[in-house]
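Asks: My questions are about this predicted structure, shown below with the sequence.
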Amino acid sequence: MRIIFVAIAVLLFVSATRAETSGFLKGDKKAYQPGDIEIINSEHAPKPIGSYNVGTKLHYGGFAIIETAGQIGLDPVTNQLITDFEGQVTQAMKNLESIIVENGGSLDKVTRTQLFLSDMADFAAVDKIYSQFFTKNFPARAAVAVKDLPKYCFFEIMAEAVVKE
């Protein structure tokens, strides 16, 4: 019987120590474990227009990877599409940046982006705006032309970024 009490005491001590060192007892919302998936949001990006979240954060223990949903040129206040091409691309980039920054990252920690254009002839114009946001250590990137995009916009971008926990 004494062995059972000692075993329970050891388990309780280990659990409390693990929670304390993970930050859970220090006021953090939740102590994430490696493999946990956190749903993320942004106060400064538009709300989703379908059944998805603006992003997820996959925890690895010491670091996490943010994966964003595709961002288009929606005004985050009105949730309306910006009408001009340059405005759409710029707003989509701002939306992407808001999601990443508000969840502990930065654009210089983005490892990959995926660009979707309604017309590949616009690639140079997109790249010019893109390079105002990604100024050094450019992430890996794919760019494809597609038939249609949500709300018939001109441009969509999604990204992955590494963040420290």
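Replies: Structure's in. What do you need?
Asks: OK, contacts around the closest residue to Ser118 other than its chain neighbours?
Replies: Nearest-residue entry for Ser118: Phe154, 4.9 Å, with adjacent residues in sequence omitted and distances by C-beta to C-beta, 6 or more residues apart in numbering. Bear in mind the C-beta positions are built from the backbone N, C-alpha and C, glycine included. Going by C-beta atoms under 8 Å, 6 or more residues apart in numbering, Phe154 touches Gly73, Phe85, Gln88, Val89, Leu117, Ser118, Asp119, Asp122.
Asks: Let's see that with 10 Å instead.
Replies: 72-73, 81-82, 84-89, 92, 116-119, 122, 125-126 (C-beta atoms under 10 Å, 6 or more residues apart in numbering).
Asks: and if you look at Ala69?
Replies: So Ala69 contacts 40, 45, 48-50, 52-56, 95-96, 99, 156, 158-159 (C-beta under 10 Å, 6+ apart).
Asks: now, which of the residues you listed lie within helices?
Replies: Asn95, Leu96, Ile99 (DSSP state H).
Asks: and the longest strand belonging to the chain, C-alpha only, in CSV?
Replies: Counting by DSSP state E, the longest strand found in the chain is strand 155-164. The C-alpha trace of strand 155-164 is given here as CSV (Å, rounded to 0.1, in the frame of the first residue of the first chain):
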residue,chain,number,x,y,z
PHE,A,155,-4.4,37.1,-56.1
GLU,A,156,-4.2,34.7,-53.2
ILE,A,157,-1.3,33.8,-50.9
MET,A,158,-0.7,31.3,-48.2
ALA,A,159,2.5,30.7,-46.1
GLU,A,160,4.3,28.7,-43.5
ALA,A,161,6.4,30.3,-40.8
VAL,A,162,8.6,29.0,-37.9
VAL,A,163,8.1,30.5,-34.5
LYS,A,164,9.7,30.0,-31.1
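Asks: Just give the number of residues close to Gln33.
Replies: 11 (other C-beta atoms under 10 Å).
Asks: Show me where this protein has its strands.
Replies: So, for the chain - with DSSP E - the strands run 37-40, 55-59, 63-68, 110-117, 140-145, 155-164.
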